[in-house]
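**Q** Pasted the sequence and its predicted model underneath.
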Amino acid sequence: MGGDSALQVGIDMGTLTGGQPAKLDIEELLATRLLVQGNSGSGKSHLLRRLLEQSAPWVQQVIIDPEGDFVTLSDRYGHVVVDGERSEAELAGIADRIRRHRVSCVLTLEGLDVEQQMRAAAAFLNGLFDAERDYWYPVLVVVDEAQMFAPAVGGDVSEDARKMSLGAMTNLMCRGRKRGLAGVIATQRLAKLAKNVAAEASNFLMGRTFLDIDMARAADLLGMDRRQAEMFRDLKRGNFVALGPALSRRPLPIVIGDVETSARSSSPKLMPLPDAVADVEDLIFTPDPEEFARPHVRRVPPAPRPTTDILAELSRATPISDAPLPSVEPRASAPVLSAEEREERLSAVLSEILDDPQSGYRTDAALYQDFLVRARMRRVAGPPMALGDFRRRVAVVRSGVDEETAAGEAWGTALMLSASVTDDLQGVFLMLAKAAIRREACPSDAKIARAYGTHSARRARRLLGYFEEQGLIIVHADFSGKRIVGIPDLQAETAPGAADAPDSDDGALAAE
């Protein structure tokens, strides 16, 4: 920007004072992070929207959106919208799959109270941060109203929620770069933003600011004299001062360009009042008879989209920079299959996929894509199986249940209990239930991780903790320290098993 070195990928943020284009080096931004500051009405959200629109073709994006303003990006740019009104385990799982499939998304927190927003954002950011090394692709993580998620001091929320949210934001800004996470944080009040989070940004876009304490913080970050900070009071809406390796080596004023999408809400506009009416007192104080019959409707936040719907959208989405899967359409003359033939072909396709030793480490969305293509190759016309049904069958197969156990009453109860957890966790729960019903050794962390599609033993232990929090299992140890998992609703528990045993050695350990 403004005569700096040549940019490999420069996105247009607007114009400089002289009319030249204001370029932002997106590759440099991924390495150095960005802080945006501006009081309400300064054009801060407009700036973020311009940045997101211009960089959408180049990099995966994740937006933490407290007010639901950025969900409109989904219509034009294909962002998946994730409603924040979910359990922390669900949000972490969705975040992990977002990284695996390199799909841009908006986490909307509209309708949640402040503490719920902090917890949801923290769970989602931690899910992004905990992704396995194979999926550390570059992601632009935009957090609007960052002072809410990284407060400088405690407020009206619980200390646990504050620490959880602040820790996730600190990880994003301080340790996220090596994991491909590039933080872009925006705030109305620099003085309310935790200093260790703000200090990690190397690029700055400062907008209109009125309070002395915020101007002083802005001047310190930009390396300006305190007296020069008075200029921030005079900035017009949409005007910002830019500084940083991705922007300019010296402070430069820029005017943010136009955007192609708009927020669902906008600033109020002045409009003339209606003409005065006669008997205005009667109009206001006399109730309409229909008011007494009209039910009082309490506004509630919209219901979150089911997790299976988001998984289906992820499975259909085209990963950034990856070619789409070839479409294999059935011929118009495909033979009509009987129900038995259809089930036989679908079962054969499912067995082909799951017989692959590496299938345990592939996500269900990727397996589902493979399943659809193979089913079409087998001339199975029409939609062969919904994603939810597919995941259910995969979960049962991954549990390792045999025909005798599957025919028993206890297994029916286990299937009923598994419906209370999200689809991605059902395979793990059913594996534990099968081991308890058959009095087999408790699965090791490695085996639990494989059933979940990961190599992370830590994540496997977190899953057990989640099941225990939901009251589905009880985890305890025998006198030698081996783990036992009990399932109260089945009145059964596993035999002791070593938590740190390798996956292939579980049988040998159980025999000891």
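**A** Sure thing, it's come through.

**Q** I'd assumed His79 was in contact with Cys105.
**A** Yes - the pair Cys105 / His79 is scored as a contact, 5.6 Å apart, by CB atoms under 8 Å. In this view, the C-beta of every residue, glycine as well, is placed from N, C-alpha and C.

**Q** Can you pull the residues that touch both of the two?
**A** Gln61, Ile63 (CB atoms under 8 Å, 6 or more residues apart in numbering).

**Q** Neighbour count for the two, which is higher?
**A** Cys105 (27 against 23; other CB atoms under 10 Å).

**Q** could you measure the nearest residue to the more buried one once chain neighbours are set aside against Gly155, distance?
**A** Counting by CB to CB, 6 or more residues apart in numbering, Cys105 lies nearest to Val80, which is 4.3 Å off, once chain neighbours are set aside. To Gly155, Val80 is 31 Å away according to CB to CB, to the nearest Å.

**Q** neighbour-wise, which of those two wins?
**A** Using other CB under 10 Å as the criterion, Val80 and Gly155 rank with Val80 on top: 21 against 14.

**Q** My guess is that one contacts Ser74. True?
**A** Yes - the pair Val80 and Ser74 passes the contact test of CB under 8 Å, sitting 7.0 Å apart.

**Q** Please enumerate the shared neighbours of these two.
**A** Val106.

**Q** Can I get stretch 257-265 in PDB, CA atoms only?
**A** Taking Å, rounded to 0.1, in the frame of the first residue of the first chain, the C-alpha atoms of stretch 257-265 are listed here in PDB:
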ATOM      1  CA  GLY A 257     -14.400   1.100  -0.800                       C
ATOM      2  CA  ASP A 258     -18.000  -0.100  -1.500                       C
ATOM      3  CA  VAL A 259     -19.300  -3.600  -0.600                       C
ATOM      4  CA  GLU A 260     -21.400  -6.000  -2.500                       C
ATOM      5  CA  THR A 261     -23.400  -7.500   0.400                       C
ATOM      6  CA  SER A 262     -25.200  -5.800   3.200                       C
ATOM      7  CA  ALA A 263     -26.000  -6.500   6.800                       C
ATOM      8  CA  ARG A 264     -29.500  -7.600   7.800                       C
ATOM      9  CA  SER A 265     -29.600  -4.500  10.100                       C
END
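
**Q** Go ahead and name everything in contact with it.
**A** 12-15, 45-46, 49-50, 53, 67-73, 75-76.

**Q** switch the cut-off to 10 Å
**A** Outside of stretch 257-265, the residues within contact range by CB atoms under 10 Å, 6 or more residues apart in numbering are 12-15, 21-22, 45-54, 65, 67-77, 110, 238.

**Q** May I have the residues that are in contact with Val241?
**A** Val241 neighbours (CB under 10 Å, 6+ apart): 37, 204-207, 218, 222, 224, 228, 231-232, 235, 247-248, 251-254.

**Q** So for stretch 401-418, what gets flagged as buried?
**A** For stretch 401-418, the buried set under the neighbour-count rule, 16 or more other CB atoms under 10 Å, comprises Val401, Thr405, Ala410, Trp411, Thr413, Ala414, Leu415, Leu417, Ser418.

**Q** What's the end-to-end length of it?
**A** Taking CA to CA, to the nearest Å, stretch 401-418 runs 14 Å from one end to the other.

**Q** How far does that stretch sit from its chain's centre?
**A** Per CA atoms, centre = their mean, to the nearest Å, the displacement of stretch 401-418 from the mean C-alpha position of its chain is 33 Å.

**Q** any idea of the mean pLDDT for it?
**A** Averaging pLDDT along stretch 401-418 yields 85.

**Q** try stretch 499-510
**A** 58.

**Q** what about Arg76, neighbour count?
**A** 11.

**Q** any idea how far the residue lying closest to it once chain neighbours are set aside lies from Ala56?
**A** With sequence-adjacent residues excluded and distances taken as CB to CB, 6+ apart, Arg76 is closest to Thr261, at 5.5 Å. Distance of Thr261 to Ala56, given as CB to CB: 10 Å.

**Q** what residues are shared contacts of these two?
**A** Leu73, Arg76, Tyr77.

**Q** Spell out which helix or strand contains the closest residue to Val259 other than its chain neighbours, please.
**A** Spatial nearest neighbour of Val259, excluding adjacent residues (CB to CB, 6+ apart): Arg49 at 4.7 Å. Per DSSP states H and E: Arg49 is located in helix 44-55.

**Q** And what about Glu369, helix, strand or coil?
**A** Glu isn't right for residue 369; it's Gln. Here Gln369 is recorded as helix under DSSP: H, G, I helix; E, B strand; the rest coil.

**Q** how about the helices in the stretch 401-512 of the chain?
**A** 403-406, 409-418, 423-437, 445-452, 457-469, 506-511 (DSSP state H, counting those that start in this stretch).

**Q** Can you say which of those is nearest to Met173?
**A** Nearest to Met173, of all the helices of the stretch 401-512 of the chain, is helix 457-469, at 22.5 Å by CB to CB.

**Q** quick one: buried residues of that closest one?
**A** Buried, per 16+ other CB under 10 Å, within helix 457-469: Arg459, Ala460, Arg461, Leu463, Leu464, Tyr466, Phe467.

**Q** now the angle between helix 445-452 and that helix, please.
**A** 80 degrees (axes from the mean of the first three to the mean of the last three CA atoms, to 10 degrees).

**Q** between helix 457-469 and helix 423-437, how many degrees?
**A** Going by the same axes, to 10 degrees, helix 457-469 makes 80 degrees with helix 423-437.

**Q** pretty sure Lys447 contacts Ala460?
**A** Yes - between Lys447 and Ala460 there is a contact under CB atoms under 10 Å: 8.2 Å.

**Q** follow-up on the earlier one: which one of the shared contacts of Thr261 and Ala56 is nearest to Val475?
**A** Leu73 (42.0 Å).

**Q** Skip the chain neighbours and tell me the closest residue to Leu29.
**A** Ala246 (4.1 Å).

**Q** quick one: secondary structure of that neighbour?
**A** Ala246, by the three-state scheme (three-state DSSP), is coil.

**Q** Quick check: pLDDT value at it.
**A** You'll see Ala246 listed with a pLDDT of 88.

**Q** dump the residue contacts of it.
**A** Ala246 neighbours (CB under 10 Å, 6+ apart): 1, 4, 7, 10-11, 23-34, 182, 202-203.

**Q** Next secondary structure after whichever helix or strand Glu90 is part of?
**A** Here Glu90 sits within helix 88-101, counting by DSSP H and E. Per DSSP H and E, the first helix or strand lying C-terminal to helix 88-101 is strand 105-108.

**Q** what's that following strand packed up against?
**A** Where contact means 3 or more CB pairs under 10 Å, 6 or more residues apart in numbering; DSSP states H and E, strand 105-108 is packed against strand 60-65, helix 73-77, strand 80-83, helix 88-101, helix 114-129, strand 139-143, helix 307-316.

**Q** let's see it at 7 Å
**A** Under the contact definition 3 or more CB pairs under 7 Å, 6 or more residues apart in numbering; DSSP states H and E, strand 105-108 sits against strand 60-65, strand 80-83.

**Q** what lines up beside the longest one in the sheet?
**A** Pointing back at strand 60-65 there. strand 105-108 (parallel), strand 139-143 (parallel) (DSSP bridges).

**Q** the inter-axis angle of it versus helix 114-129?
**A** 170 degrees.

**Q** who's in contact with strand 60-65?
**A** With contact meaning CB atoms under 7 Å, 6 or more residues apart in numbering, strand 60-65 is reached by 52, 70-71, 79, 98, 102, 104-109, 121, 128, 137-144, 320.

**Q** could you give the mean pLDDT of it?
**A** 94.

**Q** Run the angle between it and helix 44-55 for me.
**A** 160 degrees.

**Q** Strand 60-65 vs helix 88-101, what angle?
**A** With the same axes, to 10 degrees defining the directions, strand 60-65 sits at 150 degrees from helix 88-101.

**Q** Show me how far strand 60-65 is from its chain's centre.
**A** 8 Å.

**Q** in that strand, what counts as buried?
**A** Gln60, Gln61, Val62, Ile63, Ile64, Asp65.
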